[in-house]
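A.B. asks: mind folding the following:
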Amino acid sequence: MTTRVALVGGTGKLGGIIRDVVEAEPGFELVATLSSRSSLSELDGADLVVDASTPAVSIDVVRAAIERGINVLVGTSGWSAERIALVRPLVQAAGTGAVFIPNFSLGSVVGTALAAAAASFFPSIEIVETHRETKIDSPSGTAVRTAELIAAARSAVGPVDAPHVDQRARGQQVASVPIHSLRRPGVVARQETILSGPGESLTIVHDTIEPALAYAPGIRVALAAARDAKGVVVGLDSFLDIGLRLPGAGDDSPVDEGGVPGQVARATSA
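C.D. replies: Numbering: from 1, shown residues only. Here you go, the predicted model:
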């Protein structure tokens, strides 16, 4: 049976990649391509809504899909655990599924999982994320998700040590983890998670080099999962067996604030 897909934000960079994947994927048919300014009435008749719009528009897209009883796959940035939790009652009441994917890159998912797995062993953790200058939100959804999973993994030992966070140059705290956002030309996406302890540090770095190659495998996984999902599901790791079971993975509960083609992931220790 063919799944009819309505894609919101299909004229953007991520939307264009998703559009190409949907059109090439057996069992899926793209029936509507909307811009961020299109009427959401165009979602009518779809079996699955895929949202690659903007943070300001995304909430309306998700609500419109839920109201129509249509499952929704969200690739738009800006959805923190607290924001996702707000739509959970709506999804449950409608009996639909809402899947939120902060990053479709398999290497990014593995890098975030490694950071969360190591989080309880290091008292100090900070994230530096870099995107092209056209990215309109900060911190990135991937960095927020990484910080939330780090906090969940540290539930037994408490928040990270982050001195002088009252100073603006110390970044924005998310679940106690300082995040520093760079927006500059000449880069696609890069995230460094720096974990430090007495006498040592561990840096986990993920670089997206070619988005179309990096995201396509994860988009295919997410499309198949979102088609049949029930309830709220967060993160591509919820559908992949990466050998790590992490506290908070796949969860939308608010967090206490107290080698794939096209990408490179590496961990360094010094």
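A.B. asks: the closest residue in space to residue 126 that isn't next to it in sequence and residue 150: what is the separation?
C.D. replies: Nearest residue to residue 126 in three dimensions, chain neighbours excluded: residue 178, at 4.7 Å (C-beta to C-beta, 6 or more residues apart in numbering). Glycine gets a C-beta too; all of them are placed from N, C-alpha and C. Here residue 178 is placed at a distance of 11 Å from residue 150 (C-beta to C-beta, to the nearest Å).
A.B. asks: hmm, back to that, list the buried residues for the helix or strand in which the residue nearest to residue 126 is found?
C.D. replies: Per DSSP states H and E, residue 178 falls inside strand 177-183. Residues 177-181 are the ones in strand 177-183 that count as buried (16 or more other C-beta atoms under 10 Å).
A.B. asks: can you put those residues in CSV and add pLDDT and distance to residue 125?
C.D. replies: Listed next are these as CSV, based on pLDDT from 0 to 100; distance: C-beta to C-beta, whole Å:
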residue, pLDDT, distance to residue 125
177, 97, 6
178, 98, 8
179, 98, 10
180, 98, 12
181, 98, 16
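A.B. asks: from these, which two are the most distant?
C.D. replies: 177 and 181 (12.9 Å; C-beta to C-beta).
A.B. asks: OK, contacts around residue 66?
C.D. replies: Going by C-beta atoms under 8 Å, 6 or more residues apart in numbering, residue 66 touches 72, 87, 90-91, 94, 96, 98.
A.B. asks: among these, which are in helices?
C.D. replies: 87, 90-91, 94 (DSSP state H).
A.B. asks: which SS state does the closest residue to residue 176 other than its chain neighbours fall under?
C.D. replies: Spatially, and ignoring its direct neighbours in sequence, residue 176 is nearest to residue 159 (3.4 Å; C-beta to C-beta, 6+ apart). Of the three states, residue 159 takes coil under DSSP: H, G, I helix; E, B strand; the rest coil.
A.B. asks: longest helix of the chain, counting residues only.
C.D. replies: helix 211-228.
A.B. asks: can you give me the strands for the stretch 101-250 of the chain?
C.D. replies: Assigned strands in the stretch 101-250 of the chain, in chain order: 124-131, 172-174, 177-183, 189-197, 200-208, 231-234 (criterion: DSSP state E, counting those that start in this stretch).
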